[in-house]
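*Asks:* need coordinates for the below:
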Amino acid sequence: KGRLILLAGKRVNANGILILESKRFRTQEGNREDVIAKFYELIQKASVKPKIRKKTKATKASKEKRLSEKKKRSEIKKFRGKVSGE
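*Replies:* Numbers count the residues shown, from 1 in each chain. All right, here's what the predicted structure looks like:
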């Protein structure tokens, strides 16, 4: 129910009532069927549990690469500045 309200977003009013509308078809019956289809689709999306992200450690190689890039960048920045005159 909570995930359904989250997915519905602005279509749920302050009282917690879900408001769906459709203006795709010229007939009221066509729009009513469209709204029912939208409602079923929303329920389907809400019933699927999102995958939980598993935390992973950074590899040793990626850490070393990051540190070497930082060292190179610091060397470049260290040599910046005004050139002293003779």
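
*Asks:* and Arg26, what pLDDT?
*Replies:* According to the prediction, Arg26 has pLDDT 93.

*Asks:* how close does it get to Gly9?
*Replies:* Distance, Arg26 to Gly9, using C-beta to C-beta, to the nearest Å: 27 Å. From N, CA and C alone the C-beta is placed, and that goes for glycine too.

*Asks:* just Arg80 next, same as before
*Replies:* From Arg80 to Gly9 the distance is 49 Å (C-beta to C-beta).

*Asks:* and for Lys38?
*Replies:* Counting by C-beta to C-beta - Lys38 and Gly9 are separated by 13 Å.

*Asks:* compare these two (neighbour count), which wins?
*Replies:* Lys38 (15 against 7; other C-beta atoms under 10 Å).

*Asks:* which parts of the lowest-mean-pLDDT helix or strand in the chain are buried?
*Replies:* For the chain, counting by mean pLDDT, DSSP states H and E, helix 2-8 ranks last in confidence among helices and strands (a mean of 75). For helix 2-8, burial by neighbour count (16 or more other C-beta atoms under 10 Å) applies to Ala8.

*Asks:* dump the helix or strand immediately after that helix in the chain to PDB, keeping only the CA atoms.
*Replies:* Along the chain past helix 2-8, the next helix or strand (assigned with DSSP states H and E) turns out to be helix 28-47. Provided in PDB are the C-alpha atoms of helix 28-47 (Å, rounded to 0.1, in the frame of the first residue of the first chain):
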ATOM      1  CA  GLN A  28     -16.800   8.000 -21.300                       C
ATOM      2  CA  GLU A  29     -16.800   4.200 -21.500                       C
ATOM      3  CA  GLY A  30     -13.400   4.200 -23.400                       C
ATOM      4  CA  ASN A  31     -11.900   6.500 -20.800                       C
ATOM      5  CA  ARG A  32     -13.300   4.400 -17.900                       C
ATOM      6  CA  GLU A  33     -11.700   1.300 -19.400                       C
ATOM      7  CA  ASP A  34      -8.400   3.200 -19.800                       C
ATOM      8  CA  VAL A  35      -8.500   4.300 -16.200                       C
ATOM      9  CA  ILE A  36      -9.100   0.700 -15.000                       C
ATOM     10  CA  ALA A  37      -6.200  -0.400 -17.100                       C
ATOM     11  CA  LYS A  38      -4.000   2.300 -15.600                       C
ATOM     12  CA  PHE A  39      -5.100   1.200 -12.100                       C
ATOM     13  CA  TYR A  40      -4.200  -2.400 -12.800                       C
ATOM     14  CA  GLU A  41      -0.800  -1.300 -14.200                       C
ATOM     15  CA  LEU A  42      -0.100   0.800 -11.100                       C
ATOM     16  CA  ILE A  43      -1.000  -2.200  -8.800                       C
ATOM     17  CA  GLN A  44       1.300  -4.400 -10.900                       C
ATOM     18  CA  LYS A  45       4.200  -2.000 -10.500                       C
ATOM     19  CA  ALA A  46       3.600  -1.600  -6.800                       C
ATOM     20  CA  SER A  47       3.500  -5.400  -6.200                       C
END
